[in-house]
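> What follows is a predicted structure for the sequence shown.
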Amino acid sequence: MSGYFIVFEGGEGAGKSTQERLLAEALTGRGVTVVRTREPGGTPAGEEIRRVVLSPEFAGLDPRAEALLFAAARGEHVARVIRPALERGDIVICDRYLDSSVAYQGFARGLGPVRVRDLSLWATGDLLPDLTVVLDIDPAEGLGRFDQRDRLEAEPLEYHQQVRSAFLTLAEEDPRRYLVLDARADVSVIAAAILARVVADLDGDDDGAQG
Ligand code: TMP
């Protein structure tokens, strides 16, 4: 595969979508084809799964069922959108991916990070991002940035604190594939840091980092 796969992760209210948009605009301006997508979602079936899995209507959804739904949406997303785009040589910018399952379901929900990761690896045929940008924010601050709560946003603060430390742990374990940034910094400062890293990665590996 010759494309480049970038994922944005972070807690609620970290400003992921603003940064994804800015990066997509900057890369498009350089003449690259960019595909922007999100999880859960990104396909018609994935968006249906998103509706179910985030709906407060299903409060108390069994944690294993929840993990399987996220993995199912991810499998469909990779097969129909992400892998074909990478095979065309495009840059894929995805809002959340496998690490969200590891952090939210594996760590915070207590299902176990290894199992949850293996489930998603199976679902996606082992597709991992080339770069994961973690926008780090204290959940007490992030959750305060908006009013409406979906089923996961409505979880207690402690749950979101576990999610935050999970992302930081994952990044520490594999610094080559992660960029952790303080989400409280100025929007333009964050955007410049992300673009610099992406450009350095792309220049350093003209064949793309996908194996
Ligand atoms: P979003 O609000 O960033 O679109 O993400 C949707 C919610 O789903 C968010 O609370 C994080 C959660 N989530 C998981 O719990 N597991 C996953 O695998 C993914 C992709 C998202």
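In hand now; what should we look at?

> The ligand contacts on the chain?
38-40, 54, 70, 95-96, 100-101, 104-105, 152-153 (CB under 6 Å from any ligand atom). Backbone N, C-alpha and C define where each C-beta goes, glycine included.

> Try it again at 5 Å.
Within the chain, the residues that sit near the ligand (CB under 5 Å from any ligand atom) are 39, 70, 96, 100-101, 104, 152.

> What is the lowest-pLDDT residue among those?
Ranked by pLDDT, the residues of the chain next to the ligand bottom out at Leu152, which scores 84.

> correct me, but that one touches Gln105?
No. Taking contacts as CB atoms under 8 Å, Leu152 lies outside contact range of Gln105: 9.8 Å.

> gap between Arg149 and Ile91?
32 Å (CB to CB, to the nearest Å).

> returning to what we had before: ok, of the residues of the chain next to the ligand, which one's closest to Val133?
Arg96 (11.2 Å; CB to CB).

> For that closest one, which non-adjacent residue is closest in space?
Nearest non-adjacent residue to Arg96, counting by CB to CB, 6 or more residues apart in numbering: Glu39, 4.5 Å away.

> okay, now the one you found: neighbour count?
22 (other CB atoms under 10 Å).

> what sits against it?
The neighbours of Glu39, taking CB atoms under 8 Å, 6 or more residues apart in numbering as the test, are 46, 70, 73-74, 77, 94-97, 100.
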